[in-house]
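**Student:** Fold the following and give me the result.
(chains A and B)
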Amino acid sequence: MSADPWNVYGESLESRLFLGTARYPSPKVMADAVEASGAEVLTVGLRRQSPGKLGGSSIWERITNLRRRILPNTAGCHTAREAVTLAEMSREIFDTDWIKLEVTGDDYNLQPDPYGLVDATKELIGRGFKVFPYTTDDLVVCSRLRDLGCEIIMPWGSPIGTGKGLLNRYALETLRNRLPDVSLVVDAGIGLPSHAAQALELGFDGVLLNTAVARADDPVAMAAAFARAVEAGRLAHRAGAMAESETAEPSTPVVGTPFWHDKSA
Amino acid sequence: MRLRINGELTKLKVAEATKPHLDQVLADLGYAGRKVAVAVNETFVPRAGWRERVIEEGDRLDVVAPIQGG
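**Tutor:** Next up is the predicted model:
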């Protein structure tokens, strides 16, 4: 199979799977799942730290030892101002200008707030960040993010942690068609390798997932399954799918069918 | 001096008539040498500015560290 790298803010990546580092049964399982997934980009977060607790630094050491690119998130932020502040803190701690920008607008389904997201994106790009916005699949919002300078946009497939897959295939296809020059990654809602394959088949450049691997009975095996599904989906997209048809067409040639009698004779 | 550290009201002993700097406050709280980032009153203060940043009575400090995330 030919190499098929893609580009994210000037960085060439081979893997089209971004993997989260949360919710695994143990740090060792997380590390093994990362290896099995082939992911080159891992998402991490920041939380308040009491001086007495060393937990944060030991987790960070484990993640650092995996030697992957780090994509810090602003999970939990509800305003553009909070997200911008957390992004600044992330840039210092993780020594990267990449930021997975999350501004939550609704706590029930953790739906991104498009207004806060656009405001924060504008501010962060002005401050030199490479923004990876987590957004709904709204075409106008995504177009605005592109206009602000985002080279990658990450619409949800379905709400975070639901595993419901691609709920609005039409919206995702529309994004792909209307934003051909932006890297598109389905972030959130992917529950099965087949969902990831569907995203890549649609022409999405990658997927970002966490829970589907971390909460599988065997996260390491599931990580391997996702790696193959992403690869299969990408290959299928490049291969070009057949056109759908409303009527059946025999795939076996009809000429020479045995036992056939011309009923008109 | 009373501060709000990560949302919790915290009393800190400081010399009378002097206002401490952020690096001193963090050291007193036990954060010296730790991989943390800090915001004062919801505004990021880069590590390079900790020595100059004066901390006032009632300031709110958020001290964060890396965790796993999605």
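**Student:** Now do the helices in the chain.
**Tutor:** Here I'm looking at chain A. A:27-37, A:55-65, A:80-94, A:114-126, A:139-148, A:169-178, A:193-201, A:211-214, A:219-239 (DSSP state H).
**Student:** meant chain B, my bad for not saying
**Tutor:** Using DSSP H, helices in chain B cover B:22-29.
**Student:** So which of the helices of chain A is nearest residue B:3?
**Tutor:** Among these, helix A:80-94 comes nearest to residue B:3, with 17.9 Å by C-beta to C-beta. The C-beta positions use only the backbone N, C-alpha and C, and glycine is treated the same way.
**Student:** Now the closest one: buried residues?
**Tutor:** A:80-94 (16 or more other C-beta atoms under 10 Å in any protein chain shown).
**Student:** Pick the one among these closest to residue B:60.
**Tutor:** Proximity of these to residue B:60 (C-beta to C-beta) peaks at residue A:85, which lies at 11.9 Å.
**Student:** and that closest one, what does it touch?
**Tutor:** Going by C-beta atoms under 8 Å, 6 or more residues apart in numbering or on different chains, residue A:85 touches B:39, B:42, B:43, B:44.
**Student:** Quick check: residue A:33 touching residue A:24?
**Tutor:** Yes. Residue A:33 is within contact range of residue A:24, at 6.6 Å (criterion: C-beta atoms under 8 Å).
**Student:** Mutual contacts of these two, please.
**Tutor:** By C-beta under 8 Å, 6+ apart, residue A:33 and residue A:24 have these common neighbours: A:214, A:219.
**Student:** who has more neighbours, those two?
**Tutor:** residue A:33 (25 against 22; other C-beta atoms under 10 Å in any protein chain shown).
**Student:** What distance do you get for that one to residue A:105?
**Tutor:** Noted for residue A:33: a distance of 30 Å to residue A:105, by C-beta to C-beta, to the nearest Å.
**Student:** What subset of the contacts of residue A:85 is buried?
**Tutor:** The buried subset of these - by 16+ other C-beta under 10 Å - is B:39, B:44.
**Student:** Grab the nearest non-local neighbour of residue A:142.
**Tutor:** residue A:153 (5.1 Å; C-beta to C-beta, 6 or more residues apart in numbering or on different chains).
**Student:** So for the one you found, what pLDDT did the model give?
**Tutor:** Listed pLDDT for residue A:153 reads 98.
**Student:** What's the separation between it and chain B?
**Tutor:** Distance from residue A:153 to chain B, counting by C-beta to the nearest C-beta, to the nearest Å: 18 Å.
**Student:** ditto for residue A:171
**Tutor:** Taking C-beta to the nearest C-beta as the measure, residue A:171 falls 22 Å from chain B.
**Student:** Who are the contact partners of that residue?
**Tutor:** Going by C-beta under 8 Å, 6+ apart, residue A:171 touches A:137, A:138, A:139, A:155.
**Student:** quick one: which of those is most hemmed in?
**Tutor:** Most neighbours among these, by other C-beta under 10 Å: residue A:155, with 28 neighbours.
**Student:** check contacts around residue A:238.
**Tutor:** Counting by C-beta under 8 Å, 6+ apart, residue A:238 has contacts residue A:4.
**Student:** Any idea how far the strand ranked longest in chain B is from the middle of the chain?
**Tutor:** Assignment by DSSP state E gives strand B:60-68 as the longest strand of chain B. Relative to its chain's centre, strand B:60-68 lies at 11 Å (C-alpha atoms, centre = their mean, to the nearest Å).
**Student:** Ok, stretch A:138-145 next?
**Tutor:** Computed by C-alpha atoms, centre = their mean, the chain-centroid distance of stretch A:138-145 equals 17 Å.
**Student:** roughly how far apart are residue B:8 and chain A?
**Tutor:** 9 Å.
**Student:** Now residue 29. Nearest residue, chain neighbours left out?
**Tutor:** Looking at chain A here, since you left the chain open. Leaving aside its sequence neighbours, residue A:29 sits nearest to residue A:219 (C-beta to C-beta, 6+ apart; 5.3 Å).
**Student:** was after chain B, sorry
**Tutor:** Spatial nearest neighbour of residue B:29, excluding adjacent residues (C-beta to C-beta, 6+ apart): residue A:51 at 5.3 Å.
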